[in-house]
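Asker: just to be clear, the model below is a prediction. Sequence and coordinates:
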Amino acid sequence: MEIQEISNILKSYSFHSKAAVCNNFSHRFVHPYQIQLKDTQDESFLSPTELETFALFCVLAEGEEKQLLVGEEGEAIYEEIITAIRTNDVPTAPLFQSEIPHEHDSDIRVMAMALNQFPMQHNHFIKFYRYNYFFHYQSETLDMPELFQKKFGTSYEDVKTFGFVYAYLINLIRIGKMKKEPLLFLLEQYPHVTELLTIEREAFKSVQQKFTNDTEQYVYGFKFFYQYPFIRHDGKGYMMLPHLVTESTSTSMYFRFTEGENNKLRELCGKELVEDYICHVSEQSKYFHQVVREYEYTTKKKQSNATADVMILQGDSAILIESKSMSPRLNVRNFKLKDIEYTVERTVDMVLQSYDHVKNRFQHDYFPFGEDVHIKQDNIYGIVLTIEDSHVSREQVMPEVAKKLNIDLESEEYNYICSNIHFMGLYNYELAILNNVDILAYLQQRNANQQEWCHYDATMFSGAFTGKIEDSVDALQAFNEEMRGKVTTVLENYSTHS
């Protein structure tokens with residue numbers, strides 16, 4: 001079976017039976033802390049992205065929809081479709097209207113695949129911790145609880161509670177430790193939240209096809225299930241992809257919150273809120289000796305300027321962090337060259353800004369740790385944190401940085417940039433810090449190994465997550481107790497009402 005045939009095959013089957021298949025397989029992945037994946041070496045291994053692509057075909061396929069996708073015949077068709085999805089290869093050259101592969105063809109493929117697969121494999125609990133902080137943030141200029149209530153008609157407290165408890169109960173049902181009645185009770189208690197996560201099938205098709213309108217794009221393209229895991233069809237609601245509820249009540253809820261808003265709000269959230277959170281996370285580290293927030297200073301030319309967003313002192317080393325609200329454009333997943341080039345260019349500019357602070361301004365124009373503290377240039381590291389990782393290859397970015405600086409790729413200065421300037425998604429940083437990882441030790445190890453400077457994982461803190469909450473910082477452990485308490489409260493309320 002070819003991927004182009006899937007729609008014609010699925011349009012004969014009822015939406016009810018197709019949704020049931022999606023729901024059944026999605027249950028296997030559900031966990032309140034992290035997606036549950038089976039052995040990837042197993043030939044029968046099903047990845048979340050494969051199931052999400054299958055679900056996309058199920059929703060978009062139109063036809064008589066009378067047959068049932070059940071029994072041995074249904075299983076055989078499902079397996080054929082998954083195989084077609086799994087083996088589909090998207091040649092980038094035709095997409096770029098070229099007869100030959102792009103110079104960075106393999107990097108672009110990895111970029112698209114990473115955007116599809118990696119976010120879903122992130123630890124959900126870290127994300128709940130982040131967005132709990134975001135949506136409870138209040139200052140003189142930004143009242144997130146009020147803005148959230150105004151936009152969605154409910155509190156993030158309810159959204160967060162539903163998302164975590166839903167996944168917790170589904171997991172208990174999946175492993176045979178609970179019947180489905182408490183889950184049904186939860187759905188009854190939070191109809192205002194389930195409504196936020198539900199979209200009419202026709203409306204889903206309308207918004208989805210604006211971004212992904214070619215079967216060749218279904219595998220990599222953005223799927224609106226991440227915002228709406230529940231689909232309503234013919235007056236009935238279907239829990240299409242339960243494993244996406246945690247994502248839809250954390251990361252995707254933030255993007256829905258800023259979507260369609262004016263630039264002032266987006267910039268304010270990106271500048272004030274995200275910077276404050278990065279500082280908050282940094283202050284949780286037991287390794288850092290001093291954490292200083294951004295402040296204004298006057299240059300030698302009597303001009304007003306700002307320091308790096310967060311400045312960290314650890315022993316005889318310093319880490320300067322720049323925070324950016326940038327997230328990958330949706331069309332990067334569809335191999336749109338202009339969006340890919342835009343992402344690379346933005347990343348180059350961010351690296352240049354970080355380098356400027358590290359090399360030219362820190363300890364020249366401003367002294368956050370005092371003028372008596374002098375740090376050797378080799379021990380100063382710059383990190384650019386974007387709210388979401390674009391998974392741009394360092395091999396695409398660093399040579400462009402050198403070109404902008406007009407320096408040779410064999411020069412000591414270029415080596416310094418490659419060894420001491422990093423860019424990554426916020427998740428990689430918070431995962432490490434909140435799980436008590438000494439990131440300076442990691443940066444020093446990278447610095448000493450030139451062969452690893454441009455590796456794809458050069459922007460990741462390997463081994464950061466142990467999988468044990470008790471190994472994390474106190475703040476994350478306290479949040480875990482709070483969330484487990486919400487599960488207990490729901491089950492106690494269920495017992496009272498039953």
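Answerer: Arrived safely.

Asker: against Thr298, how distant is Val332?
Answerer: The gap separating Val332 from Thr298 is 40 Å, by CB to CB, to the nearest Å. C-betas here are computed from N, CA, C, even on glycine.

Asker: compare these two (neighbour count), which wins?
Answerer: Legend: neighbour count by other CB atoms under 10 Å for Val332 and Thr298, higher for Val332 (22 against 11).

Asker: burial count for the residue nearest to Met144 when sequence neighbours are not counted?
Answerer: Excluding its sequence neighbours, the residue lying closest to Met144 (CB to CB, 6 or more residues apart in numbering) is Tyr137, at 4.6 Å. Neighbour count for Tyr137, taken as other CB under 10 Å: 19.

Asker: equivalent analysis for Thr343, please.
Answerer: Neighbours of Thr343 (other CB under 10 Å): 21.

Asker: average pLDDT across the strand or helix carrying it?
Answerer: Under the criterion of DSSP states H and E, Thr343 resides in helix 337-356. Helix 337-356 shows an average pLDDT of 92 in the prediction.

Asker: can I get that helix in PDB? Just the C-alpha atoms.
Answerer: Coordinates of each C-alpha in helix 337-356 appear next as PDB, following Å, rounded to 0.1, in the frame of the first residue of the first chain:
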ATOM      1  CA  LEU A 337      12.400  26.500   2.400                       C
ATOM      2  CA  LYS A 338      11.800  30.200   3.200                       C
ATOM      3  CA  ASP A 339      10.700  29.200   6.800                       C
ATOM      4  CA  ILE A 340      13.700  26.900   7.200                       C
ATOM      5  CA  GLU A 341      16.000  29.700   6.000                       C
ATOM      6  CA  TYR A 342      14.300  32.200   8.300                       C
ATOM      7  CA  THR A 343      14.800  29.800  11.300                       C
ATOM      8  CA  VAL A 344      18.500  29.400  10.500                       C
ATOM      9  CA  GLU A 345      18.900  33.200  10.100                       C
ATOM     10  CA  ARG A 346      17.200  33.900  13.400                       C
ATOM     11  CA  THR A 347      19.400  31.400  15.100                       C
ATOM     12  CA  VAL A 348      22.500  32.900  13.600                       C
ATOM     13  CA  ASP A 349      21.500  36.400  14.900                       C
ATOM     14  CA  MET A 350      20.800  35.000  18.400                       C
ATOM     15  CA  VAL A 351      24.200  33.300  18.500                       C
ATOM     16  CA  LEU A 352      25.800  36.600  17.400                       C
ATOM     17  CA  GLN A 353      24.000  38.500  20.200                       C
ATOM     18  CA  SER A 354      25.200  35.900  22.800                       C
ATOM     19  CA  TYR A 355      28.800  36.100  21.400                       C
ATOM     20  CA  ASP A 356      28.700  39.900  21.700                       C
END
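
Asker: show me what that helix is packed up against.
Answerer: strand 317-324, strand 380-386, helix 394-405, strand 421-425 (3 or more CB pairs under 8 Å, 6 or more residues apart in numbering; DSSP states H and E).

Asker: who touches the shortest one?
Answerer: Meaning strand 421-425. Applying CB atoms under 8 Å, 6 or more residues apart in numbering, the external contacts of strand 421-425 come out as 347, 350-351, 354-355, 358, 381-390, 392, 397, 443, 446, 458-460.

Asker: equivalent analysis for the second one, please.
Answerer: Strand 380-386 is touched from outside by 278, 308, 317-327, 347, 350-351, 353-355, 357-358, 362-363, 420-426, 429, 440, 443, 447, with contacts defined as CB under 8 Å, 6+ apart.

Asker: compute the inter-axis angle for that strand and strand 421-425.
Answerer: Angle, strand 380-386 to strand 421-425, by axes from the mean of the first three to the mean of the last three CA atoms, to 10 degrees: 20 degrees.

Asker: all strands for this structure, in order.
Answerer: In the chain, the strands defined using DSSP state E lie at 198-200, 230-233, 236-239, 290-293, 296-298, 304-306, 310-314, 317-324, 380-386, 421-425.

Asker: for Leu147, which of the ones you listed is the nearest?
Answerer: With distances scored as CB to CB, the stretch of these nearest to Leu147 is strand 317-324 (20.1 Å).

Asker: and the closest one, how far out from the chain's middle?
Answerer: The chain centre lies 21 Å from the centre of strand 317-324; the measure is CA atoms, centre = their mean, to the nearest Å.

Asker: pairing partners for it, with directions?
Answerer: Looking at strand 317-324 with DSSP bridges, its partner strands are strand 310-314 (antiparallel), strand 380-386 (parallel).

Asker: put together JSON lines for those strands, with mean pLDDT, mean neighbour count and distance to Glu64 on each row.
Answerer: Shown next, in JSON lines, are those (pLDDT from 0 to 100; neighbours: other CB atoms under 10 Å; distance: least, CB to CB, whole Å):
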{"stretch": "strand 310-314", "mean pLDDT": "98", "mean neighbour count": "23", "distance to Glu64": "58"}
{"stretch": "strand 380-386", "mean pLDDT": "96", "mean neighbour count": "24", "distance to Glu64": "46"}
